[in-house]
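A.B. asks: sequence first, then the predicted structure:
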Amino acid sequence: MQYIKTTDGIKIAVYEIGPKGGQRTVFLVHGWPLSHKIYEYQAELLVRNGYRVVMLDLRGFGMSDAPASGYTYNRMARDLYEVIAALRLRDLVLVGFSMGGAIVLRYMRLFKGFAVSRLLLLAAAAPCWTQRPDFPYGLTRAYVDDLIRLTETDRPQLCENFSQQLFASPQSKAAVDWFREIALSSSGMGTLGALTALRNEDGRRDLQSVHVPTAILYGEKDQVVTPDLIRIQNEGIRGSKLYTLSQSGHGVMYDQLGLFNQYFIEAIRGEL
């Protein structure tokens with residue numbers, strides 16, 4: 001692990017594994033309220049297949065600094081850019097899960113897809129996670145406001161609830177506890193700031209900026225990212241390919257681990 005300092009003085013924890021001379025670099029961006037650790041079984045798969053893997057903890061999460069501000073999609077997309085530029089990465093496969101999916105889409109617009117040759121969206125919370133008067137899709141504002149209040153008064157319970165919501169198929173108690181611990185490792189500041197961004201951000205313009213091959217992987221039983229959002233992503237990103245895992249929830253990487261990893265590595269290779 002190394003730290004890369006951003007232009008606003010925040011230290012971002014960055015993790016590199018696998019051969020630097022590998023066939024390609026895959027950059028993995030986690031979602032709310034988690035960390036790079038959620039990609040444990042995908043990172044191992046990629047390294048085994050000869051890829052270099054780069055992961056980070058978004059600001060406020062994992063081992064990164066937790067400032068009082070900077071949790072907008074614009075700022076977090078700039079964090080990605082500054083890490084990519086500092087490491088001199090090129091020909092990237094950029095992967096974003098949940099909120100991370102919305103952030104990588106914002107990156108594609110703000111930085112014109114710099115260094116990215118392929119995009120994977122995993123249960124992406126995009127383009128708008130929360131309903132608004134001219135966008136009647138996604139979760140209701142009242143529901144998200146309740147999540148914000150719980151974050152401000154009982155964050156451990158929020159993390160407990162989230163870990164239970166992730167899965168559509170039975171998981172071991174240890175696995176659910178692991179996700180809760182990852183969520184609890186995030187800072188209160190980051191959890192609240194990023195959740196507020198999830199409520200407020202509008203990424204509809206971001207979809208039109210994607211001009212690289214894109215795969216969208218989604219669990220049909222997802223209760224966190226609604227199916228209409230996935231349909232809008234698929235329609236809004238020209239040429240994107242949608243792959244639905246029928247027995248998976250929001251934790252799409254784990255409910256059907258074997259099938260997901262099959263789709264995932266094929267999408268990385270461009271075989272889908």
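C.D. replies: Looks like it came in fine. Here the structure is a predicted model, which means the values were calculated and not measured.
A.B. asks: mind saving the C-alpha coords of the host helix or strand of Arg118 as PDB?
C.D. replies: Using DSSP states H and E, Arg118 sits within strand 116-122. Extracted in PDB, the C-alpha atoms of strand 116-122 (Å, rounded to 0.1, in the frame of the first residue of the first chain):
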ATOM      1  CA  VAL A 116      -9.400   4.200 -20.100                       C
ATOM      2  CA  SER A 117     -10.000   1.700 -22.900                       C
ATOM      3  CA  ARG A 118     -12.800  -0.400 -21.400                       C
ATOM      4  CA  LEU A 119     -15.400   0.200 -18.700                       C
ATOM      5  CA  LEU A 120     -17.200  -2.200 -16.400                       C
ATOM      6  CA  LEU A 121     -20.200  -1.000 -14.300                       C
ATOM      7  CA  LEU A 122     -21.200  -3.400 -11.400                       C
END
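A.B. asks: beyond that strand, next helix or strand please.
C.D. replies: helix 141-153.
A.B. asks: does that next one pack against any helices or strands, and if so which?
C.D. replies: Judged by 3 or more C-beta pairs under 8 Å, 6 or more residues apart in numbering; DSSP states H and E, helix 141-153 is in contact with helix 155-165, helix 188-200. Every residue, glycine included, has its C-beta placed from N, CA and C.
A.B. asks: out of those, nearest to Leu89?
C.D. replies: Taking C-beta to C-beta, helix 188-200 is the member of these nearest to Leu89, at 23.7 Å.
A.B. asks: what sits up against the closest one?
C.D. replies: Under the contact criterion C-beta atoms under 8 Å, 6 or more residues apart in numbering, helix 188-200 has outside partners 32-33, 58-61, 66-73, 76, 99, 102, 125, 129-130, 141, 144-145, 147-148, 151-152, 155, 158, 183.
A.B. asks: show me how far that helix is from its chain's centre.
C.D. replies: Distance of helix 188-200 from its chain centroid, counting by C-alpha atoms, centre = their mean, to the nearest Å, is 14 Å.
A.B. asks: so for it, what gets flagged as buried?
C.D. replies: By 16 or more other C-beta atoms under 10 Å, the buried positions in helix 188-200 come out as Met189, Gly190, Thr191, Leu192, Gly193, Ala194, Leu195, Thr196, Ala197, Leu198, Arg199.
A.B. asks: try stretch 238-246
C.D. replies: Ser240, Leu242, Tyr243, Thr244, Leu245.
A.B. asks: so for Phe124, what's the nearest residue that isn't a sequence neighbour?
C.D. replies: Let me fix one detail, which is that residue 124 is Ala and not Phe. Gly101 (2.5 Å; C-beta to C-beta, 6 or more residues apart in numbering).
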